[in-house]
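**Q** Kindly generate the corresponding structure for this input.
(one chain, ligands or ions: 2)
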Amino acid sequence: MADDRLESVLQQVIARNPAEPEFHQAVTEVLHTLQPLLARRPEYLDQRILERVCEPERQVIFRVAWQDDRGVTQVNRGMRVQFNSALGPYKGGLRFHPSVNLGIIKFLGFEQIFKNALTGLGMGGAKGGADFDPKGRSDAEIMRFCQAFMTELFRHIGDHTDVPAGDIGVGGREVGYLFGQYKRLVNAFEAGVLTGKGIGWGGALGRTEATGYGVVFFVSHMLAARGRSLDGLRATVSGSGNVATYAIAKLQELGATVLSASDSSGSVHDPAGIDLALLRQVKEVERGRISDYVARRPGATFLQGARPWSIPCDVALPCATQNELDAADARLLVSNGVLAVAEGANMPSSLEAIEVLQAAGVAFGPAKAANAGGVATSGLEMQQNAARQQWTFEQTVGQLARIMENIHSTCAATAEQFGSPGNLLLGANIAGFQRVADAMLAHGVM
Ligand code: NDP
Ligand code: 2IT
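**A** Ligands and ions are numbered 1, 2, ... in the order given. Predicted coordinates:
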């Protein structure tokens, strides 16, 4: 019965949202794990919670027109999907990347609902962004784009309404320009309207590091559950942005050797272990390409156009983008003896890849649990803003570590309780969904 309903809801979602394959994938992944919960809680089916949770509360799509450095007018499409507010103000990042479309923002917003629920804090789910390509743009162009984007977005957000943050292509610099324009438009310093702010003007110490650190805290707990630790293990990481950088830093601090990093042009294989200072110089300071790292690092090789999953490792952390680890990659990882895979990026593994990993007994840490440290620390930034306080780095990161431990134990206990011990994906989906669904039931039909 529950199975039939799940399948029919899924087919409805696919039919009602054509040409949005990433959104279909994210919904499929969640719905396919909920059967054991629905068998115990039929009221979720009776009250149409599944149908409601798959339909965004509000979607805003807007024109962003701006002038480049040559005086040429450019037109981009901006959007914000306010998916679910059952647990608190809408919360989630903004992505600036040429691939951005409504289906991608919807998949990210849908994931964000359950991720935010798992943190235990009071945050609803949202995502936004634009099909703007920051690559090769001057600082002045980035500023003008951010100002133009906020000139529409500001009317839809607020510290009790919707609180955006960064994601791909949106880091500290962009949050600064977005915040400045918001402040000018509303004539008020509402610190809590955006997170990921600079530490001198309302940001939380530790937010920059939080997602990458959080993934590594999470994978440490996954390993500990199997009697292992990171010390002495070999890790592969994809990406070289915010999440990858601080995942690499924390892996190294905990004694792992990190053999790779990547960007959209390819991967670096560095058998001696990634030189993080050089990687940051190339990617953060110079905003260059990963091949520039290889050119300056003896012994490192460049795998052009390739992802790092062919490099033998004990732990793999995809930290770049969606669908960057497919079934063939998963089979390679398994044949090379990987122990654990944890998702730093959102939906980096295809559904088939997850099946391969789980069938082989590899510990799998799903994105909505493993990378929740970023948004959790955004929640801590909101707490600090509301109290007009700034905690120390140690206070915030200490709290982050406790939240990640709690998310891991919640996912593990829920998996056990619903008959699939060790299945953290099922545990994360059921625990996150249940918290949201109970709040929606309490709020009545809307
Ligand atoms: P950044 O923009 O800082 O870095 C993104 C990295 O991924 C870059 O190395 C980029 O390479 C690479 N990348 C982006 N798109 C592609 C692509 N299509 N193919 C291959 N490589 C690509 O973003 P973040 O580090 O913030 O985000 C990375 C992932 O983590 C995303 O999935 C994001 O949604 C997720 N995430 C981020 C959080 C945060 O707090 N920032 C929180 C939770 C999840 P290049 O330089 O060539 O573009
Ligand atoms: O995907 C994510 O969780 C983020 N990009 C962070 C969102 C946030 O509001 O900090």
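**Q** Can you pull the residues of the stretch 201-350 of the chain lying near ligand 2?
**A** Asn346 (Cβ under 6 Å from any ligand atom). In short, each C-beta sits where N, CA and C put it, glycine included.
**Q** Please identify the residues of the stretch 201-350 of the chain in proximity to ligand 1?
**A** Going by Cβ under 6 Å from any ligand atom, the residues of the stretch 201-350 of the chain near ligand 1 are 211, 239-244, 263-265, 319-321, 344-346.
**Q** Put the buried members of these into a PyMOL selection.
**A** To isolate the buried subset of those in PyMOL, counting by 16 or more other Cβ atoms under 10 Å, use the following:
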select buried, resi 211+239+240+241+242+243+244+263+319+320+321+344+345+346
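**Q** Now go through the residues of the stretch 201-350 of the chain next to ligand 1 and say which are in helices.
**A** Secondary structure assignment by DSSP state H places 211, 242-244 of these in helices.
**Q** What is the neighbour count of Val216?
**A** 28 (other Cβ atoms under 10 Å).
**Q** so who does it touch?
**A** Residues counted as contacts of Val216 (Cβ atoms under 8 Å, 6 or more residues apart in numbering) are 230, 247, 250-251, 254, 317.
**Q** Out of the residues you listed, list just those in helices.
**A** Those of those lying in helices (DSSP H): 247, 250-251.
**Q** roughly how far apart are Ala342 and Ala439?
**A** Going from Ala342 to Ala439 by Cβ to Cβ, to the nearest Å gives 28 Å.
**Q** let me fix that: Gln47
**A** 12 Å.
**Q** Same check on Val334?
**A** From Val334 to Ala439 the distance is 39 Å (Cβ to Cβ).
**Q** now swap in Gly214 and tell me
**A** Taking Cβ to Cβ, one finds Gly214 at 24 Å from Ala439.
**Q** cool, and Glu286?
**A** 46 Å.
**Q** Looking at these two, which has the bigger crowd around it?
**A** Each of Glu286 and Ala439 has its neighbours counted (other Cβ under 10 Å); Ala439 has more, 17 against 10.
**Q** Leu118 is in contact with Lys368, correct?
**A** Yes. Counting by Cβ atoms under 8 Å, Leu118 is a contact partner of Lys368 at 6.4 Å.
**Q** Columns neighbour count on top of the contacts of Val216, output as CSV?
**A** CSV is the format used below for those (neighbours: other Cβ atoms under 10 Å):
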residue, neighbour count
Leu230, 22
Ala247, 29
Lys250, 22
Leu251, 28
Leu254, 17
Leu317, 33
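**Q** And the residues you listed, which is closest to Met404?
**A** Lys250 (11.1 Å; Cβ to Cβ).
**Q** gap between the nearest residue to that closest one once chain neighbours are set aside and Gly255?
**A** What sits nearest to Lys250 in space, not counting adjacent residues and going by Cβ to Cβ, 6 or more residues apart in numbering, is Val216, at 3.9 Å. With the distance defined as Cβ to Cβ, Val216 ends up 11 Å from Gly255.
**Q** you'd agree Trp391 is up against Ile199?
**A** No. Counting by Cβ under 8 Å, Trp391 does not reach Ile199; the two are 11.0 Å apart.
**Q** Overlap of the contact sets of the two?
**A** With contacts defined as Cβ under 8 Å, 6+ apart, the residues shared by Trp391 and Ile199 are Leu205.
**Q** That'll do, ta.
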